[in-house]
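[1] Okay, here's the prediction I keep looking at, along with the sequence it came from:
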Amino acid sequence: MTAAALVTGGVTMTPMALAPPAGAASAPKLGFTAFAYGTEMKNPTIVESGYSALAWVGCTTNAGLSRYNTVAGVSLAPAGTVGSVDSHASTEATSSGTQEAKSSASTADVNLLGGRVRASAVSVSTLSSETAAGAAASHASASFAGLTIDDKALKSAEPANTKVVIPDIGYAVLNEQGQRITSTGVSGYVVGLDIHVTSTSSSLYGTRIVVSAATASLHGPVSGVLGGLSYGTEVTSGSGLIESGPTYSEPMACYGTAGHTREDAGSGSSYRGLKTGATTDTVKGTDTASALAAYVTSSVADLHLDLGPGSLADALGATSIKSVASAYVKDGRTVLSENGSGILGLTILGHSSESGLPSPNTKIQIPGVGTLYLNKVIKTANSITVEMIDLQVTASSPELAGDTIVAGYARAKA
C-alpha cells in the first residue's frame, strides 16, 4: 500500500491512483474486516451492556459479503435507553479493482443520563479502500438529528473529535474517529457519541457509553486467512457444557502476528481434583503475499489429577506437557506437523509410564478412571489440532465424573 496521505478535519484521504495499464499485475489479495453496532456500556462495578445489533464481516479475503442486524430497542439501565438500531457491514470489489471494507450504524431515540443527552438519531459510517495500484484511503462520517446535551442543541455534523463537557457527569466526544495507513493495512473507525462519566459524585462513575460505532479495515497483501488457538487445560461435562474454561488461552489473529510470538502465561490453575503448575501458550503467524504459516504451542508443567482415595488420588500426572501444532503452505498445499510435542514424567495411577512423544491417538483404558488419549491429533485439509492429554472420566468420582479433561491444546490452520 502507498502511505502518502492528507489529514484534514480528522479524515484521512489519499489521492486515487490511475488504473494500472493493460497487462499490469492484478489487484493484490487483501483481508477484510468490517463491523458496526448500536450501543455498548462498560463499567467495572455496575451491570454492563454488550454490543447491540452487531453486524460483522471478518477473517475473509472474499469481496461481495454483506451482513445486517437490527433491534427494536435497547435498555442501558441505569444510564438510559435507546430505540431502534440498524447496523451493516460489507466487503466489496469494484470493476476497476478497488477493494473496500465498509460499515455503518444508526441508533434512534437516544435518551441517556436522565435526559441530559438526547437525540432523534445518531448515524455513522466508515470506509477503507485500496486501489489496484495500491493507493489506500480511509473515510468516516457521523451525523446527528435532534442532538441536545443539557438542552443545548448541537449541529447535525459536528467536527471530528468534538469534546463537550457535561457538568457533574464528565464529557462526551462527538464524531470520534481515527484512521491509519501503513505498509500492511488501512483502517478507520468512527463513534457517534462516546460518553465518559468521570465525576466521582455520579452513581455512574467510571461508566463509558458508546452510541453508534463502525470500523472498517483492509490488511495485506495476504495469501489467505490463518486460524489457531492454544490453552493449558479445559474441563467439559458429558453434555458438552464447559465447567472450567480454557486457561491462559491465546488465539491466532486472522492475518497472523507479523512473525512475532504472542503468549499468555500463568503460574498454574486448579479445578476440583485437577491442578497444574506454570502454563505458557503461544501463537506465531505469518501472512504475506508469499507466505502463510501458523505455529502454535501449549506448555503445561506439574499436572496432577486426584479422583479420590487410594490409587485414584494419583490418577494421572505429568511433570511436563508440550503440544505443538504447525501449519504452512508450500507449493500450493498445506503442510501439517506436530514436531516438538511431547510429555515427560507421565504417571498413571501412581506408576511411571514412558516419556517422549506417544504415537498419535494412543488410547489407554485406566481401570476405575476412564479412557485416556495421549497425543490426540485431529487433521483436516488445512488444519491440525494436538491435545497431548484427553481424558474421558468414567469413574464414580463426585468431582469429575463424566467430564472430559484436556491438557495441552494447540490448533493451527493455514
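    Sure thing, it's come through.
[2] Can you show me the strands along the stretch 151-300 of the chain?
    152-153, 162-166, 170-182, 185-197, 208-219, 227-236, 242-244, 250-251, 261-266, 269-271, 274-276, 279-287, 292-305 (DSSP state E, counting those that start in this stretch).
[3] in the stretch 251-400 of the chain, which segments are predicted with low confidence?
    Across the stretch 251-400 of the chain, residues meeting the criterion (pLDDT under 70) sit at 397-399.
[4] per the record, what domains does the protein have?
    6-14+29-219, 227-413 (automatic domain parsing).
[5] ok, back up a step: now distance to Ser353 and mean neighbour count too, for the strands of the stretch 151-300 of the chain, in CSV please.
    Backbone N, C-alpha and C define where each C-beta goes, glycine included. Formatted as CSV, those follow (distance: least, Cβ to Cβ, whole Å; neighbours: other Cβ atoms under 10 Å):
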stretch, distance to Ser353, mean neighbour count
strand 152-153, 74, 9
strand 162-166, 64, 15
strand 170-182, 51, 20
strand 185-197, 48, 24
strand 208-219, 46, 26
strand 227-236, 19, 24
strand 242-244, 25, 14
strand 250-251, 29, 20
strand 261-266, 27, 14
strand 269-271, 23, 15
strand 274-276, 18, 21
strand 279-287, 21, 24
strand 292-305, 13, 25
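[6] Quick one: closest of these to Val110.
    For Val110, the closest of those is strand 208-219, at 5.8 Å, according to Cβ to Cβ.
[7] Show me the beta-bridge partners of the nearest residue to Lys42 once chain neighbours are set aside.
    Counting by Cβ to Cβ, 6 or more residues apart in numbering, Lys42 lies nearest to Arg208, which is 4.9 Å off, once chain neighbours are set aside. Per DSSP bridges, residues listed as beta-bridge partners of Arg208: Lys42, His196.
[8] ditto for Ile364
    Here Ile364, judged by DSSP bridges, has bridge partners Leu372.
[9] residue contacts, it?
    Residues in contact with Ile364 (Cβ atoms under 8 Å, 6 or more residues apart in numbering) are 348, 371-374.
[10] Likewise for Asn175?
    Asn175 neighbours (Cβ under 8 Å, 6+ apart): 10, 141-142, 157-162, 190-192.
[11] Go again with 10 Å.
    Going by Cβ atoms under 10 Å, 6 or more residues apart in numbering, Asn175 touches 9-10, 122, 124, 140-144, 155, 157-162, 190-194.
[12] ok, back up a step: going through the contacts of Ile364, which ones are buried?
    348, 372-374 (16 or more other Cβ atoms under 10 Å).
[13] What is the nearest of those residues to Glu92?
    Closest to Glu92, out of all of the buried ones among the contacts of Ile364 and judged by Cβ to Cβ, is Tyr373, at 45.6 Å.
[14] Skip the chain neighbours and tell me the closest residue to the closest one.
    Asp390 (4.1 Å).
[15] Put together CSV for the contacts of Ile364, with distance to Arg118 on each row.
    Shown next, in CSV, are those (distance: Cβ to Cβ, whole Å):
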residue, distance to Arg118
Ile348, 67
Thr371, 61
Leu372, 62
Tyr373, 59
Leu374, 62
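[16] Could you give the separation of stretch 380-390 from the chain centroid?
    Mean-position distance between stretch 380-390 and its chain equals 21 Å (Cα atoms, centre = their mean, to the nearest Å).
[17] Return the alpha-carbon coordinates of it using CSV.
    Taking Å, rounded to 0.1, in the frame of the first residue of the first chain, the C-alpha atoms of stretch 380-390 are listed here in CSV:
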residue,chain,number,x,y,z
THR,A,380,-8.2,-31.6,8.1
ALA,A,381,-7.0,-30.4,4.7
ASN,A,382,-5.6,-27.2,6.2
SER,A,383,-5.5,-27.5,10.0
ILE,A,384,-4.1,-29.7,12.8
THR,A,385,-5.2,-30.0,16.4
VAL,A,386,-3.0,-31.5,19.1
GLU,A,387,-4.3,-32.4,22.6
MET,A,388,-1.4,-34.1,24.5
ILE,A,389,-3.8,-35.3,27.2
ASP,A,390,-7.5,-36.0,26.6
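[18] one step back: ok, the residue nearest to Lys42 touching Thr39?
    No. Counting by Cβ atoms under 10 Å, Arg208 does not reach Thr39; the two are 11.2 Å apart.
[19] Report the contact partners of Thr362.
    Thr362 makes contacts with 354, 372-376, as judged by Cβ under 10 Å, 6+ apart.
[20] Which member of those is positioned nearest Leu30?
    Of the contacts of Thr362, the one sitting nearest to Leu30 (Cβ to Cβ) turns out to be Lys376, at 36.0 Å.
[21] Brilliant, that's me finished.
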